[in-house]
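A.B. asks: Got a predicted structure plus its sequence, pasted below:
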Amino acid sequence: MKAIAFATAARLTRNNREIAMIQFHPEFIKKNGKNEFVILPYEEFVTIQELLEDAEDALLLEQARREDQGKPGVTLEEVMKRLGMTPEDAADSDSSD
């Protein structure tokens, strides 16, 4: 096995406000002289899974926005009214995280 120094990828955090650089440290296993498998540290594997999930979420959000384009929306105030919530209820749920 030969270790490759690292590869980097940009990652948006869940709130899409900050970009962090991630370093990957893959090791390649060759078969018949060609790369056949990659071994990654577990944390890097989990990071890749999260990146893929975030990308899928972003694609689904964009698709939903395109489908709903031009359709009437509902304001936050109307949703809260329909659910019987007050602004204080919303503030209480934000502070419980």
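C.D. replies: Right, received. Where do you want to start?

A.B. asks: Which strand or helix spans K81?
C.D. replies: helix 76-82 (DSSP states H and E).

A.B. asks: what mean pLDDT does that helix have?
C.D. replies: Averaging pLDDT along helix 76-82 gives 91.

A.B. asks: next one: it to chain centre, how far?
C.D. replies: With C-alpha atoms, centre = their mean, to the nearest Å as the basis, helix 76-82 stands 28 Å off its chain's centre.

A.B. asks: Identify all contacting residues around it.
C.D. replies: 86-87, 89-90 (C-beta atoms under 8 Å, 6 or more residues apart in numbering). (C-beta placed from N, C-alpha, C; glycine too.)

A.B. asks: from the residues you listed, which is closest to T47?
C.D. replies: Comparing those against T47 with C-beta to C-beta picks out A90 as the nearest, at 32.7 Å.

A.B. asks: What is the neighbour count of that closest one?
C.D. replies: If you count neighbours by other C-beta atoms under 10 Å, A90 ends up with 13.

A.B. asks: Then Y42?
C.D. replies: Y42: 7 neighbours (other C-beta under 10 Å).

A.B. asks: Low-confidence ranges, this protein, go.
C.D. replies: Counting by pLDDT under 70, the chain has low-confidence residues at 1-20, 93-97.

A.B. asks: Mind checking which residue lies nearest the centre of it?
C.D. replies: Geometric centre of the chain, nearest residue: D54, 2.3 Å, by C-alpha atoms, centre = their mean.
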